[in-house]
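Asker: structural data only, the sequence is not supplied:
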């Protein structure tokens, strides 16, 4: 029997469809050595995604003398991970654009924040020897619950965000008080319903918390710090760990504030190289 959160989500109109291809690609990424023909077969399930991958692989960043004409060639040219990043980014953009600036959310700002968090989480995971793709995916989708709440509550959510802002622990607390659920909980449940594994959905659920479940502490801490880095870069500030959760995340990962600054710098550099994936029509 569905619980209260499932019933709440079931009543929301115009939610993005399940990211079937992304879920299948995640399954392939979890394999030690996925077969290239299997990857191509999964990508072929969505012609519009193929078109997007080819368009972005033929951008100024990736373009060579010859145009990429199929997914196999795209993977050979830029690698499975960057094709995967393109697929996840494509889905994330669809999910966020679905809001159409409802509920007081600026979809362009939300997308930028999500993109930076994705790169920061991937960079942090890579530094620590954790799966970069998992950090990237959780970072990109960590605020997807905001889109669901904005769609569900409309003007009520706009009034709430105008009072408390569109980010931070304060927003999460006020969401729960007003609607019964915070965006972290809603987002994690959405991902679970779509078949996204716990290693992705758990960091989404816990990205505002200072205590994490056994076995998920590192992945949750990675996304928590990626959120800190993203907000600091959005405001052109040096990342600072100011809350109990921030300090616990550093301790969990055995990182220092100086490490956070280094990761922030690397995030800026990588984001510049990924403009064709995140911002194909604009500059970062």
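Answerer: Everything's here; your move. All values derive from a computational prediction rather than experimental measurement.
Asker: check which helix or strand covers residue 239.
Answerer: Using DSSP states H and E, residue 239 sits within no helix or strand.
Asker: find the nearest non-adjacent residue to it, please.
Answerer: Nearest residue to residue 239 in three dimensions, chain neighbours excluded: residue 232, at 4.0 Å (Cβ to Cβ, 6 or more residues apart in numbering). C-betas here are computed from N, CA, C, even on glycine.
Asker: work out for me the element that neighbour sits within.
Answerer: helix 217-234.
Asker: run the chain-centre distance for that helix.
Answerer: Offset of helix 217-234 from its chain centre (Cα atoms, centre = their mean, to the nearest Å): 11 Å.
Asker: that one packs against which elements?
Answerer: Judged by 3 or more Cβ pairs under 8 Å, 6 or more residues apart in numbering; DSSP states H and E, the packing partners of helix 217-234 are helix 107-128, helix 132-141, helix 198-205, helix 244-253, helix 257-273.
Asker: burial measure for the residue nearest to residue 239, as a count.
Answerer: Using other Cβ atoms under 10 Å as the criterion, residue 232 is surrounded by 19 other residues.
Asker: what's near enough to touch it?
Answerer: 238-240, 264 (Cβ atoms under 8 Å, 6 or more residues apart in numbering).
Asker: for PyMOL, write the selection for the buried entries among these.
Answerer: Selection of buried members from the contacts of residue 232 for PyMOL, criterion 16 or more other Cβ atoms under 10 Å:
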select buried, resi 239+264
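Asker: show me the two of the contacts of residue 232 that sit farthest apart.
Answerer: With Cβ to Cβ as the measure, no two of those lie farther apart than 240 and 264, at 10.6 Å.
Asker: where does the stretch 1-150 of the chain dip in pLDDT?
Answerer: Applying pLDDT under 70 to the stretch 1-150 of the chain flags residues 1-2, 60-65, 99-102.
Asker: where along it do the helices fall?
Answerer: Assigned by DSSP state H, counting those that start in this stretch, the helices in the stretch 1-150 of the chain fall at 4-10, 20-29, 36-43, 47-57, 71-78, 80-97, 107-128, 132-141, 144-153.
Asker: show me what the fourth one is packed against.
Answerer: It stands for helix 47-57. Using 3+ Cβ pairs under 8 Å, 6+ apart: helix 47-57 touches helix 36-43, helix 71-78, helix 80-97.
Asker: packing partners for the longest one?
Answerer: To tie it back to what came earlier, the one meant is helix 80-97. By 3+ Cβ pairs under 8 Å, 6+ apart, helix 80-97 packs against helix 20-29, helix 36-43, helix 47-57, helix 71-78, helix 107-128, helix 132-141, helix 144-153, helix 275-278.
Asker: which one, of the ones you listed, ends up nearest to residue 248?
Answerer: Among these, helix 107-128 comes nearest to residue 248, with 14.9 Å by Cβ to Cβ.
Asker: picking up where we left off before, which one of the helices and strands packed on helix 47-57 has the most crowded surroundings?
Answerer: Ranked by mean neighbour count under mean count of other Cβ atoms under 10 Å, the helices and strands packed on helix 47-57 are led by helix 80-97, which reaches a mean of 22.
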